[in-house]
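A.B. asks: Have a look; sequence and predicted model below, questions after that.
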Amino acid sequence: MALSSETSGLSNILEADAKHISKMARETFEKEGPLLVVASGRDTISVASSIKRLAPENVFVVQEQIPWFLRRWITPCESPGKNVVLTVGALHQADSAALRSAASAWHDELAPVPKPLLVVNVGGPTKNCLYGADLANHLAARLQNVLWSCGTVRISFSRRTPEKVSDILVREFTSNPKVFIWDGKGSNPHMGHLAWADAFVITADSVSMLSEACTTGKPVYVVGAERCTWKFSDFQKSLQDRGAVRPFTGKEDVSISLFWPKKKKKMRTGDSTTVNVPQSSAVPKGKATLVTVAKQKGGWKRGVAIFDFILRLGAIVAALAAASTMGTSDETLPFFTQFFQFQASYDDLPTFQFFVIAMGIVGGYLVLSLPFSIVSIVRPHAIGPRLLLLILDTVALTLNTSAAAAAAAIVYLAHNGNSNTNWLAICQQFGDFCQKVSGAVVASFVSVVVFMFLILLSALAIRKL
């Protein structure tokens, strides 16, 4: 595959130009073979798909990461084909070959240390996984409780680690002969730790470090998982359900955890499995966990989705009742003159005509939204249908409110009139007509209130997903 920027001309491509890249792939195909195109994230999907469409026989496209707002909607529970790889964790380079190489490179430094070796990786807080000095204090206390069962403890911080967090751990363990704290100078020992560690303690914010540690097949303990929200919470739950990680409580015996039993579960096609990882004699042999996406329980989210469906049925009744009631409002007085017959009908006023059309559209939309509400019941963790309903419900609420408010103003004049403009209160004569249009307006405002609840429910479900 053509990977050289000097021979393929990639250095001349300042932006992702699909036509330029596909043309270059066709021109270099005979000499260098297919061009490897690696795209990551939602912003690259359109470019990568365009390159594949323009040069289908000349490129090999790898697309990483499904957009977060479609992830739960379109990701199947089982791989649809050999060309699709479903993973729970992040992609990384810590495979068996990399671990063998790291074991050799770090042999002189890590092989002689007393065992078992417990590696502690501390990341940094994120907006969906918040923590601070309180978590550092808890971590320090729990590490003190398990030190007796460890031969060596090595602590590493990331670039995101707040100084107040690292200072607490440094102050607590800097004088302990069992504990080594990497100060960020010299070679990064991360790969060596992955190869030589007997167990890991990792903060919940770092998806990458957890994914790498789980690949080694060694015991992995997590700190702060209960503080995570949104997809970070789902990630932690997925790892725990598969037996890949456990919460770090400070009651562990690290020497016994070397024989950590795997959690038993009923296997099915596409579910988690294990693969033997060949390793050098310097590293204890183990198994690496291969994790894939599994169906999650609905919990309270399914209850919210069911309530959403029921509210939509009520809104359909209210919207269609408002439209039909207004559309059939017509009254003719029993007396007339030689030249005039006194009659009132909704189509005499453009505002009422707009009301009928608008409420008909709103009712039709609500009917069409029912399948998406059902999808949210079946797949309560799916964020795509929720996001779509939230946007469309907001548009429908705007239309519904404008129609209801305009009609309410006319109904008010019909009941009370306006002496300044000499508008008479016609409801004194057309009582039945006014009663029907008033009922239609009330029904439309009921629909408005239901829409508000629907939008709040969708926003709540998306916020907690």
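C.D. replies: Great, that's in hand.
A.B. asks: quick one, domains of this structure?
C.D. replies: Structural domains assigned to the chain are 5-65, 96-290, 300-464, following automatic domain parsing.
A.B. asks: which of the ones you listed has the lowest average pLDDT?
C.D. replies: Here those differ in mean pLDDT, and the lowest is domain 5-65 at a mean of 75.
A.B. asks: Report the secondary structure state of residue 155.
C.D. replies: Of the three states, residue 155 takes strand under DSSP: H, G, I helix; E, B strand; the rest coil.
A.B. asks: Isn't it up against residue 178?
C.D. replies: No - applying C-beta atoms under 8 Å as the test, residue 155 and residue 178 come out as separate, 11.0 Å apart. Any C-beta I mention is one placed from the backbone N, CA and C, and that applies to glycine too.
A.B. asks: between those two, who's got more neighbours?
C.D. replies: For residue 155 versus residue 178, neighbours defined as other C-beta atoms under 10 Å are more numerous around residue 155 (22 against 15).
A.B. asks: separation between the nearest residue to residue 206 once chain neighbours are set aside and residue 318?
C.D. replies: Computed as C-beta to C-beta, 6 or more residues apart in numbering, the closest residue to residue 206 that is not its neighbour in sequence is residue 123, at 3.7 Å. Using C-beta to C-beta, to the nearest Å, one gets 50 Å for the distance from residue 123 to residue 318.
A.B. asks: Run through who's touching stretch 353-368.
C.D. replies: With C-beta atoms under 8 Å, 6 or more residues apart in numbering as the test, stretch 353-368 has contacts from 312, 315-316, 319-320, 322-323, 326-327, 346-347, 392, 396, 399-400, 402-404, 406-407, 440, 444, 447.
A.B. asks: Would you show me how to pick out the buried ones of the residues you listed in PyMOL?
C.D. replies: Selection command for PyMOL covering only the buried members of the contacts of stretch 353-368, criterion 16 or more other C-beta atoms under 10 Å:
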select buried, resi 312+315+316+319+320+322+323+326+327+346+392+396+399+400+403+404+406+407+440+444+447
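A.B. asks: Helices - which of the contacts of stretch 353-368 land there?
C.D. replies: In helices, defined here by DSSP state H, the members of the contacts of stretch 353-368 are 312, 315-316, 319-320, 322-323, 326-327, 392, 396, 399-400, 402-404, 406-407, 440, 444, 447.
A.B. asks: Next one: residue 318 from residue 447, what distance?
C.D. replies: Remark: distance between residue 318 and residue 447 (C-beta to C-beta) = 4 Å.
A.B. asks: Revised request: answer the last question for residue 123.
C.D. replies: In this structure, residue 123 lies at 48 Å from residue 447, with C-beta to C-beta as the measure.
A.B. asks: Residue 302 now?
C.D. replies: In this structure, residue 302 and residue 447 are 25 Å apart, going by C-beta to C-beta.
A.B. asks: Pull out the buried residues from stretch 174-189.
C.D. replies: Under the neighbour-count rule (16+ other C-beta under 10 Å), stretch 174-189 has 179, 180, 181, 189 buried.
A.B. asks: what residues does that stretch touch?
C.D. replies: Under the criterion C-beta under 8 Å, 6+ apart, external residues in contact with stretch 174-189 comprise 106, 109-110, 114, 147, 150-157, 169-170, 173.
A.B. asks: Any idea how far apart the tips of that stretch sit?
C.D. replies: Using C-alpha to C-alpha, to the nearest Å, the end-to-end distance of stretch 174-189 comes out at 18 Å.
A.B. asks: how far out from the middle of the chain is it?
C.D. replies: Shown here is stretch 174-189, whose average C-alpha point lies 36 Å from the average C-alpha point of the whole chain (C-alpha atoms, centre = their mean, to the nearest Å).
A.B. asks: can you pull out the strands in this structure?
C.D. replies: For the chain, the strands defined by DSSP state E occupy 35-40, 59-64, 117-122, 152-157, 179-181, 199-203, 220-223, 246-247, 273-277, 286-290, 330-336, 341-345.
A.B. asks: Turn those into TSV, columns for distance to residue 90.
C.D. replies: Written out in TSV, the entries for the strands of the chain read as follows (distance: least, C-beta to C-beta, whole Å):
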stretch	distance to residue 90
strand 35-40	11
strand 59-64	10
strand 117-122	14
strand 152-157	18
strand 179-181	25
strand 199-203	13
strand 220-223	14
strand 246-247	20
strand 273-277	18
strand 286-290	14
strand 330-336	66
strand 341-345	65
